[in-house]
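Q: output the structure for:
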Amino acid sequence: MSRAIDDLSQEFRPKAERLLAKLAEAGLCVMIIDTLRTHDEQIENIKKGVSWTLNSRHLTGNAIDLVPYAQYELHGPDKLQWDASDPAWLRMGVIGESLGLVWGGRWKQRDMGHFELRT
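A: Okay, the predicted model is just below:
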């Protein structure tokens with residue numbers, strides 16, 4: 001699996017960069033968890049239960065997974081916020097959607113940090 005912005009497709013990369021810039025402007029610090037995956041990595045993610053489809057947009061470099069850092073005042077430095085009820089996730093989703101991206105937080109099987117190119 002890759003975390004590199006450079007591994008995103010030419011079409012999606014500028015949108016992902018804009019998303020990251022907008023999140024930073026909003027005061028949301030995030031870590032890139034995943035950009036590009038191989039088919040074998042996708043199969044492993046399905047086995048682990050962290051992905052649900054063989055048609056992932058990560059396979060074509062048209063998706064990015066992000067996780068926000070937790071509030072420093074509450075959790076100290078360098079702690080990731082995995083609690084999906086934290087308001088940071090919704091703020092991230094609203095910002096991503098405002099840029100025309102598909103946000104996994106709206107799916108039946110929610111994927112709060114997932115953003116992908118609209119088809």
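
Q: C-alpha from now on. contacts and neighbour counts both.
A: OK.

Q: distance of the closest residue to A70 other than its chain neighbours relative to D7?
A: Closest residue to A70 apart from its sequence neighbours, by CA to CA, 6 or more residues apart in numbering: Q81 at 4.6 Å. Distance, Q81 to D7, using CA to CA, to the nearest Å: 25 Å.

Q: could I get the pLDDT score of the residue nearest to A70?
A: At Q81, the predicted lDDT confidence score is 87.

Q: neighbours of it, how many?
A: Residues near Q81, counting by other CA atoms under 10 Å, number 17.

Q: same deal with the one 5 residues further on?
A: The burial metric for D86, expressed as a neighbour count using other CA under 10 Å, is 12.

Q: run through who's touching the helix or strand harbouring L20.
A: Per DSSP states H and E: L20 is located in helix 13-25. Contact with helix 13-25 is made by 5-6, 29-30, 62, 64, 92, 95-96, 99, as judged by CA atoms under 8 Å, 6 or more residues apart in numbering.

Q: where helices are concerned, which of those residues count?
A: Among the contacts of helix 13-25, the residues falling in helices (DSSP state H) are 92, 95-96.

Q: which of those residues count as buried?
A: 92, 95-96 (16 or more other CA atoms under 10 Å).

Q: closest to G113 out of the ones in helices among the contacts of helix 13-25?
A: M92 (7.9 Å; CA to CA).

Q: give the contact list for the residue nearest to A70.
A: 67-70.

Q: same list (these) but as CSV, adding pLDDT and neighbour count.
A: As requested, the contacts of Q81 are exported to CSV (pLDDT from 0 to 100; neighbours: other CA atoms under 10 Å):
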residue, pLDDT, neighbour count
V67, 96, 23
P68, 94, 21
Y69, 91, 19
A70, 85, 21
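
Q: excluding chain neighbours, what is closest to G104?
A: Using CA to CA, 6+ apart, the closest residue to G104 is D111 (4.5 Å).
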